[in-house]
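Participant: using only what follows, build the 3D model:
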Amino acid sequence: MEVSNKDINNLRLRKIKSIIFKAIVWLCGILTVGILVYILLFILIRGLPKINMEFLFGEYNSKNLSAFSSIVTTIEMIVISLLISVPIGVFCAIYLTEYSKRGNKAVKVIRLAVDTLAGIPSIIYGLFGMIFFVNVLGFRASVISGIGTISIMILPVIISSSEEAIKSVPDTYREGSYGLGATRLRTVFKIVLPTAIPGILAGVILAIGRIVGETAALIFTSGTNVMKEPTLNLFASQRTLAIHMYMLATEGLPHSKDMAFATGSILILIVFLINFATTKLAGRLGRLNDGK
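Facilitator: Numbering: from 1, shown residues only. Below you'll find the predicted structure:
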């Protein structure tokens with residue numbers, strides 16, 4: 001069968017289009033990675049040389065703008081916020097995927113609420129937290145007010161990621177469990193959740209990133225005070241690392257901007273370490289489930 005010149009031209013045109021689209025995809029990927037690398041290097045090169053033991057563990061004063069108390073507050077806020085939001089988010093996702101019926105009005109309302117919460121600007125969360133936690137409940141500007149606000153902020157991320165992770169579990173797993181006589185509750189906790197844990201942890205990583213980088217909502221709720229020494233008092237007003245960096249960048253002290261870059265470097269390192277550890281844990285759990 002002979003191939004016409006028109007077919008040859010069409011084939012060449014498709015190859016040219018394929019090469020062009022491939023080049024665009026590679027260019028976008030390289031540009032994205034390049035921007036990330038530039039931002040990281042810009043902050044780390046200026047910040048890492050300023051980090052020393054006094055800045056990390058010293059007492060905060062006008063000469064030493066120590067980040068020690070802010071580091072403790074940030075870790076405290078991450079841990080407690082996740083302890084509150086992860087169980088609520090995962091159980092909500094379990095209800096949406098495993099127990100709710102199709103067309104259920106309650107499910108539609110919950111999904112609408114999740115989508116709405118995900119799109120609300122953080123400053124609105126801050127205003128809500130200031131009115132509800134600070135004024136109505138009387139917690140004042142404190143770490144507990146910030147934790148309550150942040151816990152609500154990260155719920156949509158955890159619910160959405162957990163729901164998608166649970167949906168990705170093959171139905172054959174559930175059918176096999178039911179076939180062996182297991183109840184729905186046992187199937188969920190022994191079969192579905194262990195398989196979905198890597199996907200759930202991916203949502204937890206995104207939630208941690210939002211907690212660590214949040215400033216607008218926390219300025220209204222946890223305050224901008226900084227303790228000379230770290231405290232575990234949840235009802236004390238204390239700043240996180242992100243707020244500490246913001247306040248240093250806006251202060252007029254000669255070395256405050258350099259310390260702001262140092263704080264930013266610490267933030268980057270903390271996020272990297274948490275993401276690395278969580279990713280490794282997710283991979284390990286995934287391999288253990290595959291082995292079963």
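
Participant: show me where this structure has helices.
Facilitator: Using DSSP state H, the helices found in the chain span residues 5-47, 53-57, 68-94, 105-119, 122-129, 143-167, 171-179, 184-187, 193-213, 216-221, 241-250, 256-291.

Participant: from residue 160, how far out is residue 109?
Facilitator: From residue 109 over to residue 160 the distance is 16 Å, taken as CB to CB, to the nearest Å. All C-beta atoms are positioned from the backbone trio N, CA, C, and that covers glycine.

Participant: mind putting the helices of the chain into JSON lines with distance to residue 136 and mean neighbour count?
Facilitator: Formatted as JSON lines, the helices of the chain follow (distance: least, CB to CB, whole Å; neighbours: other CB atoms under 10 Å):
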{"stretch": "helix 5-47", "distance to residue 136": "38", "mean neighbour count": "11"}
{"stretch": "helix 53-57", "distance to residue 136": "37", "mean neighbour count": "13"}
{"stretch": "helix 68-94", "distance to residue 136": "18", "mean neighbour count": "20"}
{"stretch": "helix 105-119", "distance to residue 136": "19", "mean neighbour count": "13"}
{"stretch": "helix 122-129", "distance to residue 136": "10", "mean neighbour count": "18"}
{"stretch": "helix 143-167", "distance to residue 136": "11", "mean neighbour count": "24"}
{"stretch": "helix 171-179", "distance to residue 136": "43", "mean neighbour count": "12"}
{"stretch": "helix 184-187", "distance to residue 136": "37", "mean neighbour count": "14"}
{"stretch": "helix 193-213", "distance to residue 136": "23", "mean neighbour count": "20"}
{"stretch": "helix 216-221", "distance to residue 136": "12", "mean neighbour count": "24"}
{"stretch": "helix 241-250", "distance to residue 136": "23", "mean neighbour count": "21"}
{"stretch": "helix 256-291", "distance to residue 136": "31", "mean neighbour count": "16"}
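
Participant: among these, which is nearest residue 235?
Facilitator: Taking CB to CB as the criterion, residue 235 comes closest to helix 143-167 out of those, the separation being 5.9 Å.

Participant: remind me which residues of the protein are low pLDDT?
Facilitator: Per-residue confidence for the chain (pLDDT under 70) gives these ranges: 1-7, 103, 228, 252-254, 285-292.

Participant: one more time with 90, if that's ok
Facilitator: Per-residue confidence of the chain (counting by pLDDT under 90) places the weak regions at 1-19, 36, 46-73, 75, 95-123, 138-142, 164-165, 167-220, 222-264, 267-292.

Participant: going by the annotation, which residue ranges form each domain of it?
Facilitator: Under automatic domain parsing, the residue ranges defining each domain of the chain are 5-50, 55-291.

Participant: chain center to the first one: distance?
Facilitator: For domain 5-50, the distance from its own C-alpha centre to the chain's C-alpha centre is 26 Å (CA atoms, centre = their mean, to the nearest Å).

Participant: and what of the last one?
Facilitator: Taking CA atoms, centre = their mean, one finds the center of domain 55-291 at 6 Å from the center of the full chain.

Participant: quick one: residue 187 from residue 258, how far?
Facilitator: Taking CB to CB as the criterion, residue 187 is separated from residue 258 by 56 Å.

Participant: ok, now residue 111?
Facilitator: From residue 111 over to residue 258 the distance is 47 Å, taken as CB to CB.
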